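In: This is a predicted model, with the sequence first.
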Amino acid sequence: MSDVDLLIVGAGPCGLAAAISAQKAGLRTVVLDGGAVVSTIAHYPTYVRFFSTAEKLSIGGLPFIVAGDKPTRRDALAYYRAAVHYFDIPLRQYERVTSIERAGDGFAVHSSSRSRGDRVTHAGAVVVATGYFGSPNYLRVPGEDLPHVAHVYREGHEAFDQDVVVVGGGNSAAEAALDLWRSGARVTLVHFLPEFDKKIKPWVLPDFLNRAKEGSIGTRWNARVRRIEPGSVTIDTGAGEERLPADFVYVMTGFAPNMDLLRQVGVPIDPTTGIPAHDATTLETTVPGLFIAGVVVAGFDANKVFIENGRYHGDKIVARLLGRSAPAEPKLSAELDT
């Protein structure tokens, strides 16, 4: 007999939302996470503000109320902690799932807790909602593992009066560069394209471009990092190599979902898109009873799944488990604004 009807791997907003959907349907549920609840958000920059409104980040119908128009990282952490208590979600933090295997009609989920050691939980069905934050997209250049190189940005105070290189062309890179500059760092942004990626937050882009235009932040477009050394970053500009001073290097090149658990249990992963083989309507993989939720659904293109739409993945999964029709896809803020 199974210990639970549904085991969810990952306590991010999408995993928590799936647990709420399952519990409302009367399913015995448990959520496991290798870190703290919503650890991805906990690792966001200290002063980050969300693009989505609070209502679009809410789960389970629990109101998310903030004083401003956009919630901050701190607002979100408080809200999701409150959601765990309000819905009484069975949550096992700091318990990393190491493998999933078939066991009769269900699954045996092997995990390791830093306080309880190894254990096995039997579940009728499993949802993998592991997010992407623990798997950065590496540059794979010499020196990337040096201690002054980071793939996660928190805040700029440590770089006051220091030379800094930020690598990347998305929101994370732009916001990090601006925060570092405001914290007193001498900043140069390096990106391999001639301009920023698409979907830069509308209030971030003009701020950055104005700082670049006035010379407050240096830019090296169409440039690639070739090597990182103590105190410097060497880039290829197309016209030759240039050595930039760098006491700190922030590689803001995004993350890719960790598919190891899915591969272990036999789910094919598309080598081009990184998307696990699954039914788009039910989110069930090719292994019956094994589902995916959250950004894992999007593979390498993490921009396709946000909290806004990923919070409804649990409804699709529960509908499949109960033999019901899947609910309609929600509209995103960007779609509603057009």
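Out: Received it, and whenever you're ready, just let me know what you need.
In: now stretch 184-195: how far from the chain's centre is it?
Out: A distance of 23 Å separates the C-alpha centroid of stretch 184-195 from that of its chain, computed with CA atoms, centre = their mean, to the nearest Å.
In: Now it: buried residues?
Out: By neighbour count on 16 or more other CB atoms under 10 Å, the buried set for stretch 184-195 is A185, R186, V187, T188, L189, V190, H191, F192. In short, each C-beta sits where N, CA and C put it, glycine included.
In: per-residue confidence averaged over stretch 292-308?
Out: Summarised as a single mean, pLDDT over stretch 292-308 is 85.
In: Format the CA atom coordinates belonging to it as PDB.
Out: Provided in PDB are the C-alpha atoms of stretch 292-308 (Å, rounded to 0.1, in the frame of the first residue of the first chain):
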ATOM      1  CA  ILE A 292       5.900  17.100 -14.600                       C
ATOM      2  CA  ALA A 293       5.000  20.600 -13.500                       C
ATOM      3  CA  GLY A 294       6.400  24.100 -13.500                       C
ATOM      4  CA  VAL A 295       9.400  25.100 -15.600                       C
ATOM      5  CA  VAL A 296      10.400  21.500 -16.200                       C
ATOM      6  CA  VAL A 297       7.600  21.400 -18.800                       C
ATOM      7  CA  ALA A 298       9.400  24.100 -20.900                       C
ATOM      8  CA  GLY A 299      12.800  22.400 -21.100                       C
ATOM      9  CA  PHE A 300      15.600  24.800 -22.000                       C
ATOM     10  CA  ASP A 301      13.100  27.700 -22.700                       C
ATOM     11  CA  ALA A 302      12.300  28.600 -19.100                       C
ATOM     12  CA  ASN A 303      10.600  31.800 -20.300                       C
ATOM     13  CA  LYS A 304       7.600  29.800 -21.500                       C
ATOM     14  CA  VAL A 305       6.500  28.800 -18.000                       C
ATOM     15  CA  PHE A 306       6.100  31.200 -15.100                       C
ATOM     16  CA  ILE A 307       4.400  31.100 -11.700                       C
ATOM     17  CA  GLU A 308       1.500  32.700 -13.500                       C
END
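In: so where's the protein shaky on pLDDT?
Out: Under the criterion pLDDT under 70, the flagged ranges of the chain are 1, 133-134, 303, 329-338.
In: which residues in it form helices?
Out: In chain order, the chain shows helices spanning 13-24, 39-42, 54-57, 73-86, 171-182, 205-213, 260-264, 307-310, 313-322, 333-336, with DSSP state H as the criterion.
In: do you know which of those lies nearest S232?
Out: helix 171-182 (17.2 Å; CB to CB).
In: The closest one - contacts with which helices or strands?
Out: Using 3 or more CB pairs under 8 Å, 6 or more residues apart in numbering; DSSP states H and E as the contact criterion, the secondary-structure elements in contact with helix 171-182 are strand 163-167, strand 186-190, helix 205-213, strand 217-220, strand 248-251.
In: Please identify the deepest-packed of these.
Out: Of all these, strand 163-167 carries the top mean neighbour count, a mean of 26, counting by mean count of other CB atoms under 10 Å.
In: Can you give the domain ranges for this protein?
Out: In the domain annotation for the chain, the residue ranges read 4-134+255-336, 149-251 (automatic domain parsing).
In: Next one: V84 from H151, what distance?
Out: 28 Å (CB to CB, to the nearest Å).
In: can the helices and strands packed on helix 171-182 go into JSON lines with extra columns for distance to G124?
Out: What follows is the helices and strands packed on helix 171-182, written out as JSON lines (distance: least, CB to CB, whole Å):
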{"stretch": "strand 163-167", "distance to G124": "45"}
{"stretch": "strand 186-190", "distance to G124": "49"}
{"stretch": "helix 205-213", "distance to G124": "47"}
{"stretch": "strand 217-220", "distance to G124": "53"}
{"stretch": "strand 248-251", "distance to G124": "41"}
